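> can you look at this prediction? I've put the sequence above it.
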Amino acid sequence: MRVSVILAHPSKESFNYAIAATTIKALNENGHNVFFHDLYEEKFDAILQSDEIPKNVLLPPEIDTHCTEISEADGIIVIHPNWWGQPPAILKGWIDRIIRPGVAYEFIEGDKGEGVPNGLLKAKTALVFNTSNTETEREKAIFGDPLEAIWKNCIFALCGVDNFYRKMFNIIVTSSEEQRKNWLDEVHQDVIKFFPKS
Ligand SMILES: Cc1cc2nc3c(=O)[nH]c(=O)nc-3n(C[C@H](O)[C@H](O)[C@H](O)COP(=O)(O)O)c2cc1C
C-alpha cells in the first residue's frame with residue numbers, strides 16, 4: 001500500500017519526530033510504500049493565496065506533488081502536537097493548500113459550495129497521532145477536544161476517509177523515558193494493525 005505520512009513539528013528532538021520515525025519503521029517493516037513529508041524540514045509554504053483557490057488552476061510543482069501523493073495514497077498518517085487546540089500553522093496551511101477541491105472533495109454539479117461535498121480521497125484509513133500537556137478529561141470537558149472534530153469530521157469524513165483512528169499522547173512534559181518508550185511501542189502496534197503486511 002502507499003501511505004502518506006505528514007509530520008508537523010519544528011524539532012527533530014521532539015517526541016513527535018520520534019513518533020514519525022517509529023511510524024515509518026513500522027510501515028517499512030510491513031512492506032508499504034511511504035511518502036514522508038516533514039513540513040518544517042521542507043519549509044512548506046503555509047499561505048494559500050487567492051489565485052490558488054479556484055478548482056482548476058495550474059499549481060506550483062511542489063503543491064502539485066503533494067496533491068498527487070495524497071490522491072494516490074491508500075492510507076494517511078498525520079503527526080503533530082496540540083497547539084492551542086489546533087494543528088501547528090504549517091499543517092493548517094498544508095490542509096488549506098493540499099486538501100483542495102478536485103483533489104480531496106468536490107461539490108456536485110450545480111452546487112456552488114453550499115451543499116454537502118463528495119469525498120474524493122482514495123485512502124480508506126487515516127491515523128492521527130497527537131501530543132499534548134493536558135489531561136484527556138480536561139481537554140474534552142473544558143476545550144471540547146477540537147482536534148477530534150477537526151480531523152475526524154471536518155477533514156477525513158468530508159473527504160471520504162471513514163476508517164479514522166486518533167491517539168493523543170499526554171502529558172509529554174512530565175513523561176519519563178520509560179513512558180515515552182511504551183508510547184512508541186503503542187504507535188508501532190497501531191501502525192502495523194491498521195497497515196498490515198499486504
Ligand atoms: C505554540 C504552542 C501551543 C501549545 N498549546 C497547547 C494546548 O493548547 N494544549 C496542550 O495541551 N498543550 C499545548 N502545547 C504544548 C504542546 O502540545 C507540547 O509541548 C507537545 O505536545 C510536546 O510534544 P513534543 O515533545 O513532540 O514537542 C503548546 C505548545 C506550543 C509551543
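Structure received.
> quick one, strands of the protein?
2-7, 33-38, 75-81, 105-106, 118-119, 125-131, 163-169 (DSSP state E).
> A20 versus the residue nearest the centre of the chain, what's the distance?
Centroid-nearest residue in the chain: V78, 2.6 Å away (criterion: CA atoms, centre = their mean). Distance of V78 to A20, given as CB to CB, to the nearest Å: 10 Å. (Glycine included, C-beta is placed from N, CA and C.)
> what's the nearest residue to G85 if we skip its chain neighbours?
Spatial nearest neighbour of G85, excluding adjacent residues (CB to CB, 6 or more residues apart in numbering): P146 at 4.2 Å.
> for the one you found, grab the count of nearby residues.
For P146, the count of nearby residues is 14 (other CB atoms under 10 Å).
> can I assume it is in contact with W84?
No. Checked against CB atoms under 8 Å, the pair P146 and W84 is beyond contact range at 9.0 Å.
> near the ligand, which residues of this structure show up?
Taking CB under 6 Å from any ligand atom as the contact definition, the chain meets the ligand at 9, 14-16, 81-85, 131-134, 172.
> hmm, try it at 5 Å
Within the chain, the positions near the ligand by CB under 5 Å from any ligand atom are 14-16, 81-84, 131-134, 172.
> could those be laid out in CSV, adding pLDDT and neighbour count?
Listed next are those as CSV, based on pLDDT from 0 to 100; neighbours: other CB atoms under 10 Å:
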residue, pLDDT, neighbour count
S14, 98, 16
F15, 98, 20
N16, 98, 23
P81, 99, 21
N82, 98, 22
W83, 98, 15
W84, 98, 9
T131, 98, 23
S132, 98, 19
N133, 98, 13
T134, 97, 16
I172, 98, 17
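> make TSV from those residues and add distance to E62 to it.
Formatted as TSV, the residues of the chain next to the ligand follow (distance: CB to CB, whole Å):
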residue	distance to E62
S14	24
F15	27
N16	22
P81	24
N82	27
W83	24
W84	27
T131	27
S132	30
N133	33
T134	34
I172	31
